[in-house]
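Colleague: One predicted model, sequence on top.
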Amino acid sequence: MATGLIGPIPALQMLGIKHSVWVMALWGLAVAYLGVFFAVPMRAHFVVDNAATLRFPSGTATAETIKSMFADAGKARAQVLTLRNAALFASVITVVTWAVPPLLKPNFLFLGLLPGFGRLVRLGFGVRCDPILFGAGALMGTKTGVSVLVGSAVAYGFVAPVLTGKGFINDDPLDMKRGARGVMLWPGVAAMAVDAVAQLVASGVEAGVAMRRAKRMELCETDGVVWGGGESAESSSFKRTRHSDARYELPVLTSKSRGRLDMAPVSLAGVVGFEAPSLTGIKRIDFQRAAAAREALALKEAALSSMDERELENEVSAKQSDDLTQKIPGRWWFFGILAASTLCVCTLSGPFGMKVWQPALAIPVAALLSYVAVRCAGETDINPVGPMGKIVQLVFAVVAPGETVANLMAAAVSCGAAGQAGDLMQDFKAGRLMGLSPRKQLLAQMAGIPAGLLGAVPTYALLRDAHPLGGDVFPAPAAVAWMAVAQALTGGGVGGAEGLPVEAQVLMVCAAVATLLFRTAEVLGRVYLQGPGRLQPGLSSQSQGSVRGAKRRKIARALANATQWLPSPTSCGIGCIIPPEFSVAIAAGAAASGWWQRRDPNSHEQHAYIAASGLLAGAG
């Protein structure tokens, strides 16, 4: 995949341009190492800082499968049984659907049972018995899996019929040339690209807001608190012990002087047995603070006790992997990117005949799109290397109009780098969950690239010489799509982008705007919930303000909570790109995992990832 042996290289040969094994191997080394060194500086952001939000399902599945084999006897036996049963089930389903192809898509079983099912099948939706998609959906999580289906439903269930009715596309939803999938590719890519940038900006905004709030809290802590009776701030001060989660903030009052019982600090008030309604003034405030302290402490203890063995084990493994002694030195990836970029420019400007500035421009574009692709892989387990390549093709249709070779190979840089970066990031995720050294993982990956090329490049050369590409034996649909896009985009003369349909351009703008609106609403809601909208336990309605104000805050909190369930634009973009029936299978797996979690959280925690991993392993 990294060497472009599936898409751009066969497309060049179909255009009459053929290269030797040595040229392809040299090109493969350059782009594969480029992707590996792109991934190293991104590890901290995707695998460490966003460990909770980006699951990297394949990497997580690999780690859970390996750990289950080395668990304690009782736990290991139960998990190995789950893994075995899931793998066996997936293997049987895969073999049966291979032997009897109609069973892969048994839509005929439901045509007479569900009203309107036939229309859904014509739009590309339907039932697909694919354990890999079902297991990937279970690993993604409910929100992500359902978001994939939402994107597919909007694209193929609403927009595509409208475009078909107006004559912009034909009625074949999977046609990459004139069908819905060929058009929906562009808004899907736009949503993913804009969402990656929006997420990066949002993380900076939220970090800035958190820092400002922390500074305000520090200022409040340093200010003296004057209590009734003329006592100074030196005799009584209010200190707050902060924990990692704001919900567990525990207020503590310390006093250096003896005072009346009604002036007691929070650590004493609240244990005196007063009832809140009978207290007034300072005593009531002290009682409320004591109640808040007790509730905050109870929340913290409950959170710690709810951490199961698997979470604690993952936390210990992550600390081992993040040890500074195992950190990859910055000079490794800096000089690695420099060397790989130089080799890439020399290869493309030599045997492939590109101008020097063209690969030099393609490399930074590939770096940006690798970031987008890795985020998509972390959220949905799908690395959209093909769609990312289409973005580069669109860029080079403008900067290098009419140059088909430059259009294809510049996009191949992006695809190769993004594919390799995404694969290594899955390995980094698995390694962190198992406490492995990222430095050793990088060295192993660097050693594996030449070995992979040694098998892939000669095999491709043998196949291309045995049968013509694009024929009946090797139809090469991916290469045909690459060639078609390149010819369409480079056939528009100086404008280049004239090859892109107008409806696709409009949909790209709509997808970008919708992505910005969704992410902005989600971030604003999250900032509100962590700040003004955060619940303050233990305070009475009198201290919370008027009834009208309380109702307004309740409505604001409800709206803020609703924004956290908006569909993920990245996942929706994936739903626009993959066939609609794939999104149905993914959403079914995500929904099944969510149902299992609600019904039996403990069983889900122990066996869900293992079962999903077994489905992926058995089907593979």
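Modeller: Arrived safely.
Colleague: which ones are touching Ala8?
Modeller: Check again: residue 8 is Pro, not Ala. Counting by Cβ atoms under 8 Å, 6 or more residues apart in numbering, Pro8 touches 389, 408-409, 411-412, 415, 479, 482. From N, CA and C alone the C-beta is placed, and that goes for glycine too.
Colleague: now Thr520
Modeller: Applying Cβ under 8 Å, 6+ apart, the residues near Thr520 are Ala198.
Colleague: host element of it?
Modeller: helix 502-530 (DSSP states H and E).
Colleague: And that helix, what's buried?
Modeller: Buried residues in helix 502-530, counted by 16 or more other Cβ atoms under 10 Å: 503-504, 507-508, 511-512, 514-516, 518-519, 521-523, 525-530.
Colleague: One more: stretch 368-384?
Modeller: 368-384.
Colleague: Quick one: distance of the helix holding Thr520 to the chain centre.
Modeller: 16 Å (Cα atoms, centre = their mean, to the nearest Å).
Colleague: pLDDT on that helix, on average?
Modeller: The predicted model assigns helix 502-530 a mean pLDDT of 87.
Colleague: Then stretch 365-379?
Modeller: If you average the pLDDT values across stretch 365-379, you get 82.
Colleague: Same check on stretch 451-464?
Modeller: 83.
Colleague: State the number of residues packed around Gly422.
Modeller: By other Cβ atoms under 10 Å, the residues close to Gly422 number 28.
Colleague: Run a quick check on it versus Val374, I expect a contact.
Modeller: Yes: between Gly422 and Val374 there is a contact under Cβ atoms under 8 Å: 5.3 Å.
Colleague: Return every residue with contacts to both of these two.
Modeller: With Cβ under 8 Å, 6+ apart, Gly422 and Val374 have common neighbours 39, 383.
Colleague: one step back: what would the contacts of Pro8 look like in TSV with secondary structure, neighbour count and pLDDT?
Modeller: Formatted as TSV, these follow (DSSP: H, G, I helix; E, B strand; the rest coil; neighbours: other Cβ atoms under 10 Å; pLDDT from 0 to 100):
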residue	secondary structure	neighbour count	pLDDT
Gly389	helix	30	75
Leu408	helix	29	83
Met409	helix	30	85
Ala411	helix	32	83
Ala412	helix	30	84
Cys415	helix	32	81
Ala479	helix	25	71
Trp482	helix	30	73
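Colleague: what's the closest of those to Ala63?
Modeller: Distance to Ala63, by Cβ to Cβ, is smallest for Cys415 among the contacts of Pro8, at 26.7 Å.
Colleague: hang on, the closest one packs against Gly389?
Modeller: Yes: judged on Cβ under 8 Å, Cys415 makes contact with Gly389 at a distance of 4.3 Å.
Colleague: where do the contact lists of those two overlap?
Modeller: Joint contacts of Cys415 and Gly389 (Cβ under 8 Å, 6+ apart) are 7-8.
Colleague: re the thing from before, dump the contacts of Pro8 into TSV; add distance to Asp195 as well.
Modeller: Shown next, in TSV, are the contacts of Pro8 (distance: Cβ to Cβ, whole Å):
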residue	distance to Asp195
Gly389	18
Leu408	27
Met409	27
Ala411	21
Ala412	24
Cys415	20
Ala479	29
Trp482	25
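Colleague: Farthest-apart pair in those residues, please.
Modeller: Every pair of the contacts of Pro8 checked by Cβ to Cβ; the farthest is Met409 and Ala479, at 13.5 Å.
Colleague: quick one, strands of the stretch 101-250 of the chain?
Modeller: 236-241, 250-255 (DSSP state E, counting those that start in this stretch).
Colleague: Let's test this: mean pLDDT of the last one, rounded?
Modeller: Meaning strand 250-255. pLDDT averaged over strand 250-255 gives 41.
Colleague: host element of the residue nearest to Ala486 when sequence neighbours are not counted?
Modeller: Using Cβ to Cβ, 6 or more residues apart in numbering and skipping residues adjacent in sequence, the residue nearest Ala486 is Asn407, 4.6 Å away. Under the criterion of DSSP H and E, Asn407 resides in helix 404-434.
Colleague: Find the residue closest to Pro450 in space, skipping its chain neighbours.
Modeller: That would be Leu29: by Cβ to Cβ, 6+ apart, it lies 7.1 Å from Pro450.
Colleague: Identify the residues contacting that neighbour.
Modeller: Contacts of Leu29 by Cβ under 8 Å, 6+ apart are 343, 449-450, 453.
Colleague: Distance check, it against Pro41.
Modeller: Computed as Cβ to Cβ, to the nearest Å, the Leu29 to Pro41 distance reads 21 Å.
Colleague: The residue nearest to Pro450 - that's part of a helix, no?
Modeller: Yes: assignment of Leu29 by DSSP: H, G, I helix; E, B strand; the rest coil places it within a helix.
Colleague: Quick check, central residue of this protein?
Modeller: Glu379 (2.0 Å; Cα atoms, centre = their mean).
Colleague: For that one, give me its contacts.
Modeller: 53-55, 140, 144, 568, 570-571.
Colleague: quick one: which of the residues you listed is nearest Gly330?
Modeller: Among these, and counting by Cβ to Cβ, the member closest to Gly330 is Leu54, at 22.5 Å.
Colleague: how many other residues sit next to the closest one?
Modeller: Leu54 has 22 nearby residues by other Cβ under 10 Å.
Colleague: hey, which helix is longest across this structure?
Modeller: helix 180-222 (DSSP state H).
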